[in-house]
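Chemist: Next comes the sequence, and after it the predicted model I'd like to discuss.
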Amino acid sequence: MIRAFPQTNNIVIRPIQYRDLESVEQLCAEASEAESPNCSMVREKPLAIRRWYGILKVLSLFPNPFQDSFCIHVAEFNQQIQGLIQVSPFNRTGTTWRVDRVAVDPVILQNEAASESEVPTTSLVTSSDIGSLLLRYCLEKVWQARTWILEIDIHDNSALALYRKNGFQRLAHMTYWGISPELLQELSHREPDLPNLLPVSNADAQLLYQLDTMAMPPLVRQVFDRHIQDFKTSLFSSVAEGVRQLFSRTEFVSGYVFEPQRKAAIGYFQVQLCRDGSQPHVAQLTVNPAYTWLYPELMAQMARVTQEVPAQALHLSSSDYQPEREEYLERVGADRIAHTLVMSRSVWHKLREAKPSAVEGLQLSDVLQGLQPSRKPVPGRISLLKSIKREESKPDSTHPAKPPASPESGSSVQDLVNRASKTEPRGEDPCC
């Protein structure tokens, strides 16, 4: 259970402003949280806040795919920035959000330790308290998020304690691998047997969505909550990605393996190539669990692609629910470079009633009065006929009974009609 915080009145959580950039950069530099590799399927490499502040601030003002990319909040304590949190949507629908980073000033712990003898323990605000306040603020304010996800290094004990304290639980273990340039050159000598290797386009989003669904266990699939639109690229995103590749000198190469009998995609790869050799290449690999024989073929294809640029290592990831991939990477001689833990938690937003006492103040008479008809009911056709017949059959006690009238003088209308139909001569048919 999360304990109550005694001095939260002095802590102000607000969106980041331009005057906070210097303190935020210093806070991020001092944070001890280890960054995940670039091939992470959960975390993205954080952007330089000062460099992209103006562009991201403008993009957050109108609807676009990058509107929520600059969602950063800071915790201000005694007019000083003591912590920050950065969150972003994980899928296109916004049902799952991720925690990109949480950074808290560790100096708070030292100041509290120095004044522990003078100030009671219950009045201290620790770095864990500020981190919990930042997390709970985002969990409450982001109404469209039903699930939150994050990824941290398994050796970061302080971050593990913070997230477990706020309800995050283990989802999967991730292992990151590095393949040396020499090993890539050796793998490229093999001719891949991929006759149905096709390029990726928006028309293949349905096939890639089905492949992604088959490659995940049910719990991970429910947390990720991806849909077909998550595998499509809009025109705005394509232009933004092209500009980013131009500045970072990178290039993306992707493809998927099509099974004609099942009419489904059974394998997919994407390689981010570094043209200037300043950083390692990054690969993403998705294979249907029933087609694990594709690992050597796709690895040979990716190794061939990397030979067209300066030699660099290739990084890719595997999870604990992909034992065949880990076995293959160990067999070819790949090196383990990092171990991370993917954690998640669900959020239920309770809607508050605007007037909770309005229903409680109603009396039974008011409820019954509302159920009464607003006007007198109008009789229908059947009820009207029944009432007329009942009045005709009832004897009139006020007037004496009259003798039956003769057919010539007092016959009813129905008798007159019947008599006329019998006595009327048959007319001749009209001539043609």
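Modeler: Okay, I see it.

Chemist: can you give me the strands for the stretch 151-300 of the chain?
Modeler: 169-179, 197-198, 250-259, 264-274, 281-287 (DSSP state E, counting those that start in this stretch).

Chemist: Pull the residues that contact the last one.
Modeler: I take that to be strand 281-287. 37-39, 41, 211-212, 215, 266-274, 294-295, 298, 302, 306, 309, 312-317, 325 (Cβ atoms under 8 Å, 6 or more residues apart in numbering). C-beta here means a position set from N, CA and C on the backbone, and glycine is covered the same way.

Chemist: do the second one as well
Modeler: Judged by Cβ under 8 Å, 6+ apart, the contacts made with strand 197-198 from elsewhere in the structure are 204, 255-258, 301.

Chemist: Just give me the closest of those residues to Arg375.
Modeler: Arg375 lies nearest to Asp204 out of the contacts of strand 197-198, by Cβ to Cβ, at 63.4 Å.

Chemist: since we're on that closest one, how many residues are nearby?
Modeler: 18 (other Cβ atoms under 10 Å).

Chemist: Then Leu368?
Modeler: Leu368: 9 surrounding residues under other Cβ under 10 Å.

Chemist: And Thr147, by the same measure?
Modeler: Thr147 has 18 neighbours, counted by other Cβ under 10 Å.

Chemist: quick one, phi psi at the residue nearest to it when sequence neighbours are not counted?
Modeler: Distances taken as Cβ to Cβ, 6 or more residues apart in numbering put Thr96 closest to Thr147, at 4.6 Å, once the chain neighbours are dropped. Per-residue torsions, Thr96: phi -120, psi 130 (degrees, to the nearest 10).

Chemist: Where does the prediction get shaky in the stretch 251-400 of the chain?
Modeler: Within the stretch 251-400 of the chain, the ranges that satisfy pLDDT under 70 run 350-362, 377, 379-385, 392, 394-400.

Chemist: residue ranges with poor pLDDT in the stretch 101-250 of the chain?
Modeler: For the stretch 101-250 of the chain, the ranges with pLDDT under 70 are 107-123.

Chemist: now the helices for it?
Modeler: With helices called from DSSP state H, counting those that start in this stretch, the stretch 101-250 of the chain shows them at 107-114, 127-141, 157-165, 181-188, 205-214, 218-224, 235-248.

Chemist: Next, the buried residues of the longest one.
Modeler: Going back to what we said before, that points to helix 127-141. Using 16 or more other Cβ atoms under 10 Å as the test for burial, helix 127-141 gives 127-135, 137-139.

Chemist: out of the helices of the stretch 101-250 of the chain, deepest packed?
Modeler: helix 127-141 (a mean of 19; mean count of other Cβ atoms under 10 Å).

Chemist: Run the chain-centre distance for that one.
Modeler: 20 Å (Cα atoms, centre = their mean, to the nearest Å).

Chemist: Need the residues that contact that helix.
Modeler: Counting by Cβ under 8 Å, 6+ apart, residues outside helix 127-141 touching it are 2, 5, 8, 11, 13, 73, 75, 77, 82-85, 87, 97, 99, 102, 104-106, 108-109, 145, 148, 158, 161-163, 165-166, 347, 349.

Chemist: Can you go through the residues you listed and name the buried ones?
Modeler: Neighbour-count burial (16+ other Cβ under 10 Å) is assigned, among the contacts of helix 127-141, to 11, 13, 73, 75, 77, 82-85, 87, 97, 99, 102, 104-105, 108, 145, 148, 162-163, 166.

Chemist: Mind checking which of those land in strands?
Modeler: In this view, the buried ones among the contacts of helix 127-141 that belong to strands under DSSP state E are 11, 13, 73, 75, 77, 82-85, 87, 97, 99, 102, 104, 148.

Chemist: Among those, find the lowest-pLDDT one for me.
Modeler: Ranked by pLDDT, these bottom out at Phe77, which has 83.

Chemist: Pull the contacting residues for that one.
Modeler: So Phe77 contacts 10-12, 108, 125, 130 (Cβ under 8 Å, 6+ apart).

Chemist: Only the buried subset of the contacts of strand 197-198, as a PyMOL command please.
Modeler: Per 16+ other Cβ under 10 Å, the buried members of the contacts of strand 197-198 correspond to this PyMOL selection:
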select buried, resi 204+255+256+257+258+301
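
Chemist: Name the nearest of the contacts of strand 197-198 relative to Glu22.
Modeler: Among these, Gly255 lies closest to Glu22 (Cβ to Cβ), at 44.5 Å.

Chemist: If the closest residue in space to that closest one that isn't next to it in sequence is in a bridge, with which residues?
Modeler: Closest residue to Gly255 apart from its sequence neighbours, by Cβ to Cβ, 6+ apart: Leu197 at 5.2 Å. Bridge pairing for Leu197 (DSSP bridges) gives the partners Val257.

Chemist: I'd assumed His173 was in contact with Ser317.
Modeler: No: between Ser317 and His173 there is no contact under Cβ atoms under 8 Å: 10.8 Å.

Chemist: Settle it for me: which of these two has more neighbours?
Modeler: Neighbour count, other Cβ under 10 Å: between Ser317 and His173, Ser317 has more, with 24 against 14.

Chemist: returning to that earlier point: distance-wise, check the residue nearest to Thr147 relative to Ser319.
Modeler: 17 Å (Cβ to Cβ, to the nearest Å).

Chemist: Then Ser344?
Modeler: Computed as Cβ to Cβ, the Ser344 to Ser319 distance reads 14 Å.

Chemist: quick one: Gly178 from Arg226, how far?
Modeler: The value you get for Gly178 to Arg226, if Cβ to Cβ is used, is 27 Å.

Chemist: scratch that, Asp20 is what I was asking about
Modeler: Look at Asp20 and Arg226: by Cβ to Cβ, they are 34 Å apart.
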